[in-house]
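Trainee: Generate coordinates for the sequence data below:
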Amino acid sequence: MHISLLGAATSLLCVSASAFTPASTSGTDKLNDHGMTKLKTYLHKNRGQNSCSLDNAVKRQEWSSLSKSNKKKYTDAVLCLQSKPARSGSIAPGAKSRYDDFLATHINQTLTIHGTGNFLSWHRYYVYTFEEALRNECGYKGYIPYANWGKYAEDLLNSPIFDGSDYSISGNGEYRNHTGASIPSVATPFIQLPAGSGGGCVTSGPFKNMTVNLGPLAPVFDDITPNPRPDGLGYNPRCLRRDIGVYAASIASTDANSTDLIRENNYIGDFQTTMQGDFPAGLLGVHTAGHFFAGGDPGADIFSSPGDPWFWLHHAQIDRTWWIWQNQDPASRSSANGNNSLAGTITLNNSPPSRNTRLDDVIDLGVNAESILIKDALSTTAGPFCYVYV
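Mentor: Sure, this is the predicted structure:
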């Protein structure tokens, strides 16, 4: 009987461990394949203009396609960056690590890199620079992975990416009684997201002992100790908290959401607005919804969101989604000479009213990298970049 019960328990454990089934991503897969064909043709026609080709381009992979060993190597590299001394100095006196340097840069520039014409290009260079720091400062041999939202959005809580194992990016926060999040907008009613099953400190996985040092500036919880400085750059140590956003994922991050985003928005202005969320229209968008995959503090704070390691996988997918959209018409969408590569102004949702973003505007990442121009960040196979997504 003992052996029988043990066998039954083992079977149950095996069923539980294999219960998660990734959802189909056939819609975006088809758009990706179509775009890759167009990109190959475009690069062939323009060969000789730079040394990057599909043959020598870095291949960024989806998280689930990485081996356990490579997942661990990635999270170890992130932890390594969190152990390196900060370079920000008086710019961000609360920064204690190189990881914090990246967070400080995002906090400093939040109001001019969201709802703006540089949103996509700025974050493309930002993610690339983080990848370079992992490789050059922490000896990471791989490249930054992306998390294809559609695989996980329909069963987020059971997703292995958040299962709290050594091969995840840590799990949900412990349950803590809290209210849901309200997404501010110029119109009412605001978008309301219900509270999830977390809310407390993350206690499992690679980042269970992580300390968040900067922020908050736009917290979703009302019990977070305020930052000692009004700019959020003072020292404010606390645990990493999460509230995995099942509702946000299910309504705005499915493969159908991404497929419609790419297929139905042919103009860059419409594409980036829909991606980021049209809050007055009650639309969350894949960008905002993706941040609520992890939620919590600092993940759901628009200023401090890079403080949660989920940020990098999410924004690699943001970049991939833009890349797929660009590849539907590379000549017009990913070239400085194209007529559909840039739109928007230089302030958040044009508030206060400001001039249009220009191709020669600078992307400045502070102590993290040399500055480049927006026109140099329009293509993943030109400028400082040579990578594609597989």
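Trainee: From now on I want contacts and neighbour counts done on CA atoms only, so please keep to that.
Mentor: Noted.
Trainee: you'd agree residue 390 is up against residue 62?
Mentor: Yes: at 7.3 Å, residue 390 counts as touching residue 62 under the criterion of Cα atoms under 8 Å.
Trainee: Comparing those two, which residue is more hemmed in?
Mentor: Neighbour count, other Cα atoms under 10 Å: between residue 390 and residue 62, residue 62 has more, with 17 against 14.
Trainee: Phi and psi next, for the more buried one.
Mentor: The phi and psi values for residue 62, taken as degrees, to the nearest 10, are phi -70, psi 140.
Trainee: how far away is it from residue 71?
Mentor: Separation of residue 62 from residue 71 (Cα to Cα, to the nearest Å) stands at 11 Å.
Trainee: Next: residue 204.
Mentor: 16 Å.
Trainee: what do you get for residue 224?
Mentor: Per Cα to Cα, residue 224 is found 31 Å from residue 71.
Trainee: out of those two, which sits in the busier spot?
Mentor: residue 71 (21 against 14).
Trainee: Grab the nearest non-local neighbour of that one.
Mentor: residue 167 (5.7 Å; Cα to Cα, 6 or more residues apart in numbering).
Trainee: Please verify my assumption that the one you found contacts residue 68.
Mentor: Yes: the pair residue 167 and residue 68 passes the contact test of Cα under 8 Å, sitting 5.8 Å apart.
Trainee: more crowded one of these two?
Mentor: Ranked by neighbour count (other Cα under 10 Å), residue 167 and residue 68 place residue 167 first, with 22 against 13.
Trainee: dump the residue contacts of that one.
Mentor: 68-69, 71-72, 161, 205-206 (Cα atoms under 8 Å, 6 or more residues apart in numbering).
Trainee: Those residues, buried ones only, as a ChimeraX selection?
Mentor: Buried members of these, defined by 16 or more other Cα atoms under 10 Å, are picked up in ChimeraX with:
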select :71,72,161,205,206
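Trainee: The contacts of residue 167 in helices, which ones?
Mentor: 68-69, 71-72 (DSSP state H).
Trainee: can you tell me which of the residues you listed lies nearest to residue 137?
Mentor: residue 72 (17.0 Å; Cα to Cα).
Trainee: who touches that closest one in this structure?
Mentor: 166-167.
Trainee: Surely residue 206 touches residue 170?
Mentor: Yes: with contact defined as Cα under 8 Å, residue 206 reaches residue 170; the gap is 5.7 Å.
Trainee: what do these two both touch?
Mentor: Counting by Cα under 8 Å, 6+ apart, the shared contacts of residue 206 and residue 170 are residue 164.
Trainee: which residues of this structure fall in strands?
Mentor: For the chain, the strands defined by DSSP state E occupy 58-60, 173-175, 181-183, 191-193, 199-202, 211-212, 238-239, 362-363, 372-373, 387-389.
Trainee: Near residue 371, how many residues? Count them for me, please.
Mentor: So residue 371, with other Cα under 10 Å, has 13 neighbours.
Trainee: how much space between it and residue 193?
Mentor: On the measure of Cα to Cα, residue 371 and residue 193 end up 37 Å apart.
Trainee: Could you do residue 250 as well?
Mentor: 12 Å.
Trainee: again, but for residue 205
Mentor: 26 Å.
Trainee: cool, residue 143 as well?
Mentor: Residue 143 is 33 Å from residue 193, by Cα to Cα.
Trainee: Isn't residue 371 up against residue 377?
Mentor: No: with contact defined as Cα under 8 Å, residue 371 does not reach residue 377; the gap is 11.0 Å.
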